[in-house]
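Chemist: fold the following, please.
(one chain, ligands or ions: 1)
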Amino acid sequence: MKKLSIGTIGYGFMGRAHSNAFRRVPNFFDLPYRPVLKTICARNPDRARAFAAQWGYESVETDWRLMVASPEIDLIDIASPNDTHAEIAIAAAKAGKMVMCEKPLGRNAAEGEAMVQAVEAAGVPNMVWYNYRRIPAVTLAKDLVAEGRLGRIFHYRAKFLQDWTISAELPQGGEGLWRLDLNVAGSGVTGDLLAHCIDTAMWLNGPIDEVSAVTETFIKQRKHNLTGKVEPVGIDDASLFLARFQNGSLATFEATRYARGHKALYTFEINGEHASIMWDLHDLHRLEYFDHRDEGHLRGWRSLHVTDREHPYMAHWWVPGLQIGYEHSFVHQAADFLAAAAAGESAAPTFRDALATDDVTDAVLASAAQRQWVKVRARQSRARREAI
Ligand SMILES: NC(=O)c1ccc[n+]([C@@H]2O[C@H](COP(=O)([O-])OP(=O)(O)OC[C@H]3O[C@@H](n4cnc5c(N)ncnc54)[C@H](O)[C@@H]3O)[C@@H](O)[C@H]2O)c1
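Modeler: Residues are numbered from 1 along each chain as shown. Sure, this is the predicted structure:
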């Protein structure tokens, strides 16, 4: 089996999630590549060394540029904040490395577009970690839609609710709080939470044509951890939008960090002509399914426990009936990427797929600023551009 040497940037939440995925994946999946945790890159050398010892990285680096230039690294995995994604990904692609990048792709679609151009010009396998696609119940939802079980789709409804920024005493900026700093994050809940909802939605229900949005920043100023001064808050604390998909269906999306009691309540529902589907991150191994074609006296919502061998990814895990969790979505994504990369291919969502989400989040922010409906930028697909 060929080795694939990985250089990971960032040892925070996602650095741990990705490292765990690469460590677990060869135990549960037969793959053409064996991932090797080669180098962890972060700016604090002591903490980087401690992380390397805990997770089994062979070396540490404090400057990502040196890691990107290293001939020992095959794949650059970006698990650092949003303001670092474009520069690192473009440099990595130019150095001929495969690139995996955390979401959102860029802080905006302009950054995302430059990243797409870089990986496509270099022809390197790439992928963005929109991991919710690979929770088995969500993948099953995709299969049910693709099988045509829902029929024509009328409605899509998604929410991502949290409550961790309600205190006005919470500062902005710096470690752990970069999400509140517009320069680093690019936007607030639109790029952070809604981006996930939009990625799943377009995967399940096709492209979004136009949006009408409202955003709010409830706490207007916060102390900035890096300057020590009270500064205006530039991010959106809450973001809600109506959407029309290209297939004619209508949608509502809502994300906030001000829904007291909710920690990470990501839910979506799809209503079709024949059937409906509901999914809830807090109960992630279940898919709720209603089929109007069932016999009348048996008709009702079925709660599918997505743990059987015929369910997506589940044959790789335990025995039917035993659940897996959040971290396994990253293992699945690593498995799919390694399989594709061995064939010189990218895995979905590619940088180009993730750019489509950046296009929608840009449209959402523009719509909220202009207080009117905004068309989502339509791009030609790569295949079509090449055919022309
Ligand atoms: N897929 C998901 O569900 C999901 C969940 C959380 C975060 N994310 C994304 O992952 C990325 C990281 O988020 P997080 O929650 O892990 O953040 P975090 O704050 O927990 O960790 C960020 C890490 O990046 C490091 N870092 C920052 N700048 C760096 C630089 N210039 N060079 C090297 N290291 C640097 C920090 O030291 C830290 O280790 C973000 O883009 C975020 O949007 C995705």
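Chemist: could you pull out the strands for the stretch 251-388 of the chain?
Modeler: 265-272, 275-280, 286-291, 301-305, 374-375 (DSSP state E, counting those that start in this stretch).
Chemist: same list (those) but as TSV, adding mean pLDDT, mean neighbour count and distance to the ligand.
Modeler: All C-beta atoms are positioned from the backbone trio N, CA, C, and that covers glycine. Output for the strands of the stretch 251-388 of the chain, formatted as TSV (pLDDT from 0 to 100; neighbours: other C-beta atoms under 10 Å; distance: least, C-beta to the nearest ligand atom, whole Å):
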stretch	mean pLDDT	mean neighbour count	distance to the ligand
strand 265-272	98	20	9
strand 275-280	98	21	15
strand 286-291	98	19	19
strand 301-305	98	13	23
strand 374-375	98	16	23
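Chemist: bridged to residue 243, which residues?
Modeler: residue 211, residue 251 (DSSP bridges).
Chemist: in contact with it, which residues are there?
Modeler: By C-beta atoms under 8 Å, 6 or more residues apart in numbering, the contact list for residue 243 reads 156, 208, 209, 210, 211, 212, 250, 251, 252, 253, 360.
Chemist: drop anything exposed from the residues you listed.
Modeler: Listed as buried from those are 156, 208, 209, 210, 211, 212, 251, 253, 360; burial here means 16 or more other C-beta atoms under 10 Å.
Chemist: surely the third one is in a helix?
Modeler: By that I understand residue 209. No: secondary structure of residue 209 (DSSP: H, G, I helix; E, B strand; the rest coil): strand, not part of a helix.
Chemist: need the CA coordinates for the longest helix along the chain. PDB is fine.
Modeler: Looking across the chain with DSSP state H, the single longest helix is helix 351-370. Extracted in PDB, the C-alpha atoms of helix 351-370 (Å, rounded to 0.1, in the frame of the first residue of the first chain):
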ATOM      1  CA  PHE A 351     -13.300  23.200  -4.200                       C
ATOM      2  CA  ARG A 352     -15.600  24.000  -7.100                       C
ATOM      3  CA  ASP A 353     -18.600  22.500  -5.300                       C
ATOM      4  CA  ALA A 354     -17.700  24.600  -2.200                       C
ATOM      5  CA  LEU A 355     -17.400  27.700  -4.300                       C
ATOM      6  CA  ALA A 356     -21.100  27.400  -5.100                       C
ATOM      7  CA  THR A 357     -21.800  27.600  -1.400                       C
ATOM      8  CA  ASP A 358     -19.600  30.700  -1.200                       C
ATOM      9  CA  ASP A 359     -21.700  32.200  -4.000                       C
ATOM     10  CA  VAL A 360     -24.900  31.600  -2.000                       C
ATOM     11  CA  THR A 361     -23.500  33.100   1.200                       C
ATOM     12  CA  ASP A 362     -22.300  36.100  -0.700                       C
ATOM     13  CA  ALA A 363     -25.800  36.500  -2.200                       C
ATOM     14  CA  VAL A 364     -27.300  36.200   1.300                       C
ATOM     15  CA  LEU A 365     -25.100  38.900   2.700                       C
ATOM     16  CA  ALA A 366     -25.700  41.200  -0.300                       C
ATOM     17  CA  SER A 367     -29.500  40.600   0.000                       C
ATOM     18  CA  ALA A 368     -29.500  41.500   3.700                       C
ATOM     19  CA  ALA A 369     -27.500  44.700   3.000                       C
ATOM     20  CA  GLN A 370     -29.600  45.700   0.000                       C
END
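Chemist: quick check: mean pLDDT across that helix?
Modeler: Average pLDDT, helix 351-370: 98.
Chemist: same check on stretch 56-73?
Modeler: Stretch 56-73 comes out at a mean pLDDT of 98.
Chemist: quick check, central residue of the protein?
Modeler: Centroid-nearest residue in the chain: residue 130, 2.4 Å away (criterion: C-alpha atoms, centre = their mean).
Chemist: check which helix or strand covers the closest residue to that one other than its chain neighbours.
Modeler: Nearest residue to residue 130 in three dimensions, chain neighbours excluded: residue 199, at 4.2 Å (C-beta to C-beta, 6 or more residues apart in numbering). Assigned by DSSP states H and E, residue 199 belongs to helix 195-205.
Chemist: ok now that helix, how far from the chain's centre?
Modeler: 10 Å (C-alpha atoms, centre = their mean, to the nearest Å).
Chemist: swap in stretch 121-139?
Modeler: Per C-alpha atoms, centre = their mean, the centroid offset for stretch 121-139 relative to its chain is 8 Å.
Chemist: mind listing what's buried in it?
Modeler: By 16+ other C-beta under 10 Å, the buried positions in stretch 121-139 come out as 122, 124-139.
Chemist: residues contacting residue 118?
Modeler: Counting by C-beta under 8 Å, 6+ apart, residue 118 makes contact with 89, 90, 93, 94.
Chemist: and the first one, what pLDDT?
Modeler: Here the pLDDT value assigned to residue 89 is 99.
Chemist: begin at 318 from here
Modeler: New numbering, starting at 318: the last item is residue 406.
Chemist: next secondary structure after the strand or helix carrying it?
Modeler: Taking DSSP H and E as the definition, residue 406 sits inside helix 399-411. Per DSSP H and E, the first helix or strand lying C-terminal to helix 399-411 is strand 415-418.
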